[in-house]
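**Student:** With the sequence up front, the predicted model follows.
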Amino acid sequence: MKKHTVGNEASELGAAATKRNSAHMLPVCDWLSDLPENTHLTDLIEVQFKNTRKGYFHNSANLPLEKGVKVVVEANPGYDVGEVVLTGKLVELQIKKNKIDASRYEIRQVIRIATEADLQKAAEAHAREHETMIKARELAKSLGLEMKIGDVEYQGDGSKAIFFYIADGRVDFRQLIKVYAETFRIRVEMKQIGARQEAGRIGGTGPCGRELCCSTWMINFSSVGTGAARLQNISPNPQKLAGMCAKLKCCLNYEVPVYEDASKLLPNRRIELETKEATWYFFSSDPLAGTVTYSSDPHKGINLTTLSAGRAHEIIAMNRRGEKPDTLEGNKTVTPEIGYQTGHGDVTRFDRKKKKHHKK
């Protein structure tokens, strides 16, 4: 029989704290990690807490810190427990990338490497988060505030909690802070987040069937525009383009650089192709395949013909010299008739209402 000791319990709580932290988040690729002098270039480290919340601290005590080590760091007030995700020269570059003003941002110190007692206390504090969030929502609703408490994060020592909320406009939550402080007996900090950040903190499954990128590996969010969908020839259907956060899917940006490079090889869509048989107008393109489809009508898809980008550039060069080829010499697109007669029956059977059979 396995003996259950205080040490084992602390280890299990520590493992739970590791799991609830951003264990699955991919940190910045530390391409300087194999250089022996990298860690001596600066004493700054990057520490990650729950989900995407990170902070920067000084390792003034020269503790042997590397990725994955749990540390106790200074907080206001008390201390917090987090995981080291970056060390060395890249931490300074991260601070510069995130546009953090060193004169205004107070960089605190690393106190020590977290012990089992520290991890146990942090796990006990984090275990109260869900219950606190439910109660916090009820209190906010009772005060008639137009806001939603999306998540609650306790500090490692349990003396403070950050209440992440979503609101369309400005919210006067001064009375709410007093109620929270009296109810939970902690120091309260309110932090407004957006819909993307809320989805990342709550988690879920996307339309692709996988866990949300923002809750598994994404750390920083970037703006997503409809131009990304148009560039990839994705149907402009709001229901298909929106993610679980009701905003444009972050994955729309993943392949944009590839499409941008491939689109540079395609001819300008405003240029018309002149042949002896007709004038051809741009209809659509497939950047990755390097093909362009033209129509003989400027407004509708008639006599659709697909050319390679090289052939289209060749015809454009001929037109500029005053020459016209006989034909486009491309592959004409034949639109087949779409039927519903398959071996499995008519797909419209799902729309039919079942007849009710009444017993006599």
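**Tutor:** Perfect, I can see it now.

**Student:** ok, residues contacting the helix or strand hosting residue 310?
**Tutor:** Take DSSP states H and E as the rule and residue 310 turns out to sit in helix 309-320. Applying C-beta atoms under 8 Å, 6 or more residues apart in numbering, the contact partners of helix 309-320 are 265-267, 271, 273-275, 290-292, 294, 307, 324-325, 328-330. In this view, the C-beta of every residue, glycine as well, is placed from N, C-alpha and C.

**Student:** starting at the chain centroid, how far to it?
**Tutor:** Mean-position distance between helix 309-320 and its chain equals 41 Å (C-alpha atoms, centre = their mean, to the nearest Å).

**Student:** related to what we said a few turns ago, going by neighbour count, which of the contacts of helix 309-320 are buried?
**Tutor:** Among the contacts of helix 309-320, those classed as buried by 16 or more other C-beta atoms under 10 Å are 266-267, 273-275, 291-292, 294, 307, 325, 328, 330.

**Student:** Check for me that residue 134 belongs to a strand.
**Tutor:** No - secondary structure of residue 134 (DSSP: H, G, I helix; E, B strand; the rest coil): helix, not part of a strand.

**Student:** Next one: it from residue 128, what distance?
**Tutor:** Distance, residue 134 to residue 128, using C-beta to C-beta, to the nearest Å: 11 Å.

**Student:** Would you check how far apart the one residue sitting closest to the centre of the chain and residue 222 are?
**Tutor:** What sits nearest the mean C-alpha location of the chain, by C-alpha atoms, centre = their mean, is residue 214, with 3.6 Å. Distance, residue 214 to residue 222, using C-beta to C-beta: 11 Å.

**Student:** Can you pull the residues that touch both of those two?
**Tutor:** The contact lists of residue 214 and residue 222 share residue 250, where a contact means C-beta under 8 Å, 6+ apart.

**Student:** between the buried ones among the contacts of helix 309-320, which is nearest residue 58?
**Tutor:** Of all these, residue 58 sits closest to residue 266, with 51.6 Å by C-beta to C-beta.

**Student:** Domain ranges for this structure, per the record?
**Tutor:** Under the assignment automatic domain parsing, the domains of the chain span 13-124, 128-196, 222-263, 265-332.

**Student:** how about the helices in the stretch 1-150 of the chain?
**Tutor:** Using DSSP state H, counting those that start in this stretch, the helices of the stretch 1-150 of the chain run over 6-20, 89-97, 116-126, 129-142.

**Student:** Quick check: buried residues in the last one?
**Tutor:** If you call a residue buried by 16+ other C-beta under 10 Å, then helix 129-142 has these buried ones: 129, 132-133, 136-137, 140.

**Student:** Let me have the residues you listed in TSV, adding distance to residue 242 as columns.
**Tutor:** Shown next, in TSV, are those (distance: C-beta to C-beta, whole Å):
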residue	distance to residue 242
129	28
132	30
133	25
136	28
137	25
140	26
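
**Student:** Next, format those as a markdown table and append distance to residue 160 and pLDDT.
**Tutor:** Below are these laid out as a markdown table (distance: C-beta to C-beta, whole Å; pLDDT from 0 to 100):
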| residue | distance to residue 160 | pLDDT |
| --- | --- | --- |
| 129 | 12 | 93 |
| 132 | 12 | 94 |
| 133 | 15 | 93 |
| 136 | 14 | 93 |
| 137 | 19 | 93 |
| 140 | 19 | 92 |
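
**Student:** Quick check: of these, which lies closest to residue 157?
**Tutor:** Distance to residue 157, by C-beta to C-beta, is smallest for residue 129 among the buried residues of helix 129-142, at 14.3 Å.
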